[in-house]
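Colleague: Sequence and predicted structure below; questions after.
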There are 2 protein chains.
Amino acid sequence: MSCRFLLLPCFLLLALPSWNEGRAKQAILQFVQDTTTPSHRDYIAPDDRVAVFDQDGTLWVEQPVYTQLAFAREAAKTLPPNESVQSTEEIVAKTHSGMTVDVFNAKVAQWLQTAKHPRFDKPYTALIYQPMLEVLKLFEAHGYRVYIVSGGGQQFIRVYAQAVYGLGPDRIIGSAGKVKYGYQNGHPELVKMAEVLFVDDKAGKPEAIQLFIGKRPVAAFGNSDGDQQMLEWSQSHAGRSLQVLIHHDDAEREYAYDVASPIGQFSQALMDEAIKKGWIVVNMKNDWKVVFPP
Amino acid sequence: MSCRFLLLPCFLLLALPSWNEGRAKQAILQFVQDTTTPSHRDYIAPDDRVAVFDQDGTLWVEQPVYTQLAFAREAAKTLPPNESVQSTEEIVAKTHSGMTVDVFNAKVAQWLQTAKHPRFDKPYTALIYQPMLEVLKLFEAHGYRVYIVSGGGQQFIRVYAQAVYGLGPDRIIGSAGKVKYGYQNGHPELVKMAEVLFVDDKAGKPEAIQLFIGKRPVAAFGNSDGDQQMLEWSQSHAGRSLQVLIHHDDAEREYAYDVASPIGQFSQALMDEAIKKGWIVVNMKNDWKVVFPP
């Protein structure tokens, strides 16, 4: 990468400071530079600059259980004794419905203030990946509209997304339950229902992207089999595009897991697909100078 | 309204040129000025500046039938003879499914190029309301994010929204059918299904606003009973808010209809509600200098 222009490449040379030099960092920087340089053949107009990011395992820790499930298990303890909850689905449904959106938001916010990760003994919102925060900022600084596209619950993520990622509620796409409009003492309210509207995982990701964004993203970041279709959809964009997978191979600083994990499985089939299609695989251990914010 | 500041009020004095002086124009201008003046007690931070607009009857003509239904009836003529379509629901379902999103977009775009309104003998996209276009631009120029929230089909509106309203696909909320991700000759595609995901009308409007925007709009524009809940929801915003209803009372230049119309009914109950809650009722005949763009 040369310092051809006055501002852009000089800025890029300082970008992604938490990334080690290597193929992944180079590919991300080159993509952003080329697609935002008007004279470049791969220039993308601002309206079409859409970048999508999976959340669990891509932007923050997803082991040993999804953060949202840790919340649900804790919230389930306060359910009335006659509410028998057995399966994970039941626990999530019971703790995520039967209250207004505002009450749910307050419950999540309160839990996040005190809950700590069992291994790192830090708030979950401190366990975001510093290198990926830098990628979010890099894309936004270059006129990209950034969205989270998560298999997790949309409303759960919205509670902390502004503070943690700098992303407002309209940039959060996730699995969604139905809400019901009604009145409490004459005041309008929205109540969360137990019924699922759609699941934003695997094929559900490009389907939800169509619903919310209405165009193909030109850049897509994920870490597991659940992200494959989203990356494929991004690559079907007519022009230049970028697909990136985070590979968790760092047991010392975070976790090492792929084929065998019940959470965030990164199968051999996905790795084969990544190689075949030219998707960038980030090796956490070698590509990231640090994992979490200092 | 005084010319207190250097730029803002002077700009506002020139805004909404197609509106006659009166309570409606004054209320809209005053709202925009107050909520975007940092020193004003009703100042609204940029992140919270969300304005929502119904489409049919609020931004363009909805008589004698919704434009989308005119498209569907024409498209139904090309269905195979063995496809028996009877009801309006069947006609819409059959003509809006069983093809990729890209093919559907092309069909709508092609139809819009040649179809003409039966009374005005102009393309449907020429029958938008010039005064409302000016309102859209006024809000956008003052840092508001503007969304269409329509009972009509989201994907139908997206086809022309950028050209006609200057709004990208992510700003269009409407009734939505399911889409299915799959492959054609190994290439990813999204196929429109006949199954309804949600109907964006009446209580469905605040529900969809929650799904897409995730916060209460501070300004809401509509014209019929289907917009009542959206306006209520906007008014439940903790701070200052604005609710506006377009009343079609201009048979000469457009249409006069309210209680009796099968389309866009503006009932006496809605009028009572508007008066009780301080919603602005725009009388097309007196408030608008012109109806359509010159």
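Modeller: It's in. Quick caveat, the model's predicted, so the values are computed rather than measured. Numbering: from 1, shown residues only, chains lettered A, B, ... in the order given.

Colleague: Would you mind naming what in the stretch 51-200 of chain A lies close to chain B?
Modeller: Neighbours of chain B within the stretch 51-200 of chain A, by CB under 8 Å from any CB of the partner chain: A:101, A:145, A:154-155, A:158, A:162, A:168-170, A:172, A:176, A:178-182, A:187-188, A:190, A:197-198. Bear in mind the C-beta positions are built from the backbone N, C-alpha and C, glycine included.

Colleague: Buried by neighbour count, from these: which ones?
Modeller: For these, a burial check counting by 16 or more other CB atoms under 10 Å in any protein chain shown picks out A:101, A:145, A:154-155, A:158, A:168-170, A:172, A:176, A:178-179, A:181, A:188, A:190, A:197-198.

Colleague: Which members of these occur in helices, if any?
Modeller: Counted as lying in helices by DSSP state H, out of those, are A:101, A:154-155, A:158.

Colleague: Identify those among the residues of the stretch 51-200 of chain A next to chain B that sit within strands.
Modeller: Members of those lying in strands (criterion: DSSP state E): A:145, A:172, A:176, A:178-182, A:187-188, A:190, A:197-198.

Colleague: would you list these in JSON lines and tack on pLDDT?
Modeller: Shown next, in JSON lines, are these (pLDDT from 0 to 100):
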{"residue": "A:Arg145", "pLDDT": "98"}
{"residue": "A:Ile172", "pLDDT": "98"}
{"residue": "A:Ala176", "pLDDT": "98"}
{"residue": "A:Lys178", "pLDDT": "98"}
{"residue": "A:Val179", "pLDDT": "98"}
{"residue": "A:Lys180", "pLDDT": "98"}
{"residue": "A:Tyr181", "pLDDT": "98"}
{"residue": "A:Gly182", "pLDDT": "98"}
{"residue": "A:His187", "pLDDT": "95"}
{"residue": "A:Pro188", "pLDDT": "97"}
{"residue": "A:Leu190", "pLDDT": "98"}
{"residue": "A:Leu197", "pLDDT": "97"}
{"residue": "A:Phe198", "pLDDT": "97"}
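
Colleague: Now for those: which two are most distant?
Modeller: Within those, A:Arg145 and A:His187 form the most distant pair, 33.8 Å apart (CB to CB).

Colleague: burial of the closest residue to A:Ala208 other than its chain neighbours, as a residue count?
Modeller: By the measure of CB to CB, 6 or more residues apart in numbering or on different chains, the closest residue to A:Ala208 outside its immediate chain neighbours is A:Asp200, 4.6 Å from it. By the criterion of other CB atoms under 10 Å in any protein chain shown, A:Asp200 has 27 neighbours.

Colleague: so where's chain A shaky on pLDDT?
Modeller: Along chain A, the parts satisfying pLDDT under 70 run over A:1-11.

Colleague: which residue is nearest the middle of it?
Modeller: By CA atoms, centre = their mean, the mean C-alpha position of chain A lies nearest to A:Gln55, the distance being 2.1 Å.

Colleague: Which residues are in contact with that residue?
Modeller: By CB atoms under 8 Å, 6 or more residues apart in numbering or on different chains, the contact list for A:Gln55 reads A:148, A:150, A:152, A:157, A:174.

Colleague: name the element the first one belongs to?
Modeller: Spelled out, that is A:Ile148. strand A:145-153 (DSSP states H and E).

Colleague: Pull up the pairing partners for that strand, direction included.
Modeller: strand A:50-53 (parallel), strand A:172-184 (parallel) (DSSP bridges).

Colleague: From the chain's centroid, how far away is it?
Modeller: A distance of 5 Å separates the centroid of the chain from that of strand A:145-153, by CA atoms, centre = their mean, to the nearest Å.

Colleague: ok, A:Gly174 touching A:Tyr147?
Modeller: No. With contact defined as CB atoms under 8 Å, A:Gly174 does not reach A:Tyr147; the gap is 10.2 Å.

Colleague: Spatially, what comes nearest to A:Asp201 if we skip its sequence neighbours?
Modeller: Excluding its sequence neighbours, the residue lying closest to A:Asp201 (CB to CB, 6+ apart) is A:Gly151, at 3.7 Å.

Colleague: Oh, that last question was meant for A:Leu29, not what I typed.
Modeller: Nearest one to A:Leu29, counting by CB to CB, 6+ apart, is A:Leu12 at 5.2 Å.

Colleague: ditto for A:Arg216
Modeller: Take A:Arg216 and drop its neighbours on the chain: the residue closest to it by CB to CB, 6+ apart is A:His237, 4.3 Å away.

Colleague: can you give me the strands in chain A?
Modeller: Assignment of strands within chain A using DSSP E yields the ranges A:50-53, A:99-100, A:145-153, A:172-184, A:187-198, A:219-222, A:242-247, A:280-283.

Colleague: Helices of chain A, residue ranges please.
Modeller: Ranges of helices within chain A are A:8-14, A:23-35, A:67-76, A:88-95, A:101-114, A:130-141, A:154-165, A:204-212, A:228-235, A:268-277, A:284-287, based on DSSP H.

Colleague: Which one, of these, ends up nearest to B:Thr67?
Modeller: Among the helices of chain A, helix A:204-212 comes nearest to B:Thr67, with 21.9 Å by CB to CB.

Colleague: packing partners for the closest one?
Modeller: Helix A:204-212 makes packing contacts with strand A:145-153, strand A:172-184, strand A:187-198, helix A:228-235, strand B:172-184, strand B:187-198 when contacts are defined by 3 or more CB pairs under 8 Å, 6 or more residues apart in numbering or on different chains; DSSP states H and E.

Colleague: Can I get the contacts of A:Gln55 in a markdown table including neighbour count?
Modeller: Converted to a markdown table, the contacts of A:Gln55 look like this (neighbours: other CB atoms under 10 Å in any protein chain shown):
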| residue | neighbour count |
| --- | --- |
| A:Ile148 | 24 |
| A:Ser150 | 29 |
| A:Gly152 | 21 |
| A:Ile157 | 26 |
| A:Gly174 | 23 |
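
Colleague: Which members of these are the farthest-apart pair?
Modeller: Maximum distance among the contacts of A:Gln55 (CB to CB): 8.9 Å, for A:Ile148 and A:Gly152.

Colleague: Identify the contacts common to those two.
Modeller: Listed as contacting both A:Ile148 and A:Gly152 by CB under 8 Å, 6+ apart are A:55, A:174.

Colleague: Count the neighbours of A:Leu16 for me.
Modeller: Around A:Leu16 there are 24 other residues, counting by other CB under 10 Å.

Colleague: What sits closest to it if chain neighbours are left out?
Modeller: Spatial nearest neighbour of A:Leu16, excluding adjacent residues (CB to CB, 6+ apart): A:Glu134 at 5.0 Å.
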